[in-house]
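Asker: Let me see the structure of the following:
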Amino acid sequence: MENTLTSSKKRVLIWLLIILSLGFIFLTFIVTFFPPSAIDLKISAIVQSAQSPELDKIMTFISWFGAFPVPFFIGLFVAAIFYLFKFRTEAMFVLLTFTSGIISSVIKIIVNRPRPTSDLVRIVEVARQQSFPSGHTLFYVIFFGFLLTLMWRLKQINTAVRLTIATFSSFLILTIPFSRIYLGAHWFTDVLGGFILGLICLYFISVLYLKKT
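Answerer: Here you go, the predicted model:
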């Protein structure tokens, strides 16, 4: 009975992975051959409808963790902490999340989608790389999503520490799409693409980690 349940869960995960992959391929096709859609423009208008200097600072802070070279130093710091406390496998896999930067850069070059412009949205943060997919969103889902996996897995870590890290990681994952749109750095389809691709990458990293441990 237990093996049947396990096989059933595996099938569900595989089908979910297939659906996410097909969704990302379709989304990539749309943003490659078509300009920003009415949905992109509408969602940007809704997200940016509430503006204030305080909100600008909050949204900028949320995005700060994904602004190069901050992710590099955060990743090294977290990996070093795990390594010092004898979680060496976890440290190695934390470093593996750096692949998000390579994946993001390659797809950005291939798709070559322009960033939102000031005639269409309010630009709070000027970004220079191509727009699709959102590298911030991709990094947050992979890195902070993997931290969630570790906090669920490593029961020997103090409960208060695990809950604090899990809460903060969840907050950043859920708010980064709004932050990127609010700051005028990305379209909705950019952050959606980053989120989907992040889930795909997180799936593979988490499966590899769970098999190894």
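Asker: Only C-alpha atoms from now on, for both contacts and neighbour counts.
Answerer: Noted.
Asker: quick one: buried residues of the lengthiest helix in the chain?
Answerer: For the chain, the longest helix by residue count, based on DSSP state H, is helix 2-33. By neighbour count on 16 or more other CA atoms under 10 Å, the buried set for helix 2-33 is Leu17, Leu20, Ser21, Phe24, Leu27, Thr28, Val31.
Asker: Do a quick rundown of the helices in the protein.
Answerer: Going by DSSP H, the chain shows helices at 2-33, 38-47, 53-64, 70-84, 88-96, 99-111, 135-139, 145-153, 159-182, 188-212.
Asker: For the shortest one, which helices and strands make contact with it?
Answerer: Contact analysis of helix 135-139 by 3 or more CA pairs under 8 Å, 6 or more residues apart in numbering; DSSP states H and E lists helix 99-111, helix 159-182, helix 188-212 as its packing neighbours.
Asker: do you know which of those helices lies nearest Gln51?
Answerer: In terms of CA to CA, the element of the helices and strands packed on helix 135-139 nearest to Gln51 is helix 159-182, at 8.7 Å.
Asker: What mean pLDDT does that closest one get?
Answerer: The average pLDDT within helix 159-182 is 96.
Asker: If I take it and helix 53-64, what angle do their directions form?
Answerer: In terms of direction (axes from the mean of the first three to the mean of the last three CA atoms, to 10 degrees), helix 159-182 departs from helix 53-64 by 110 degrees.
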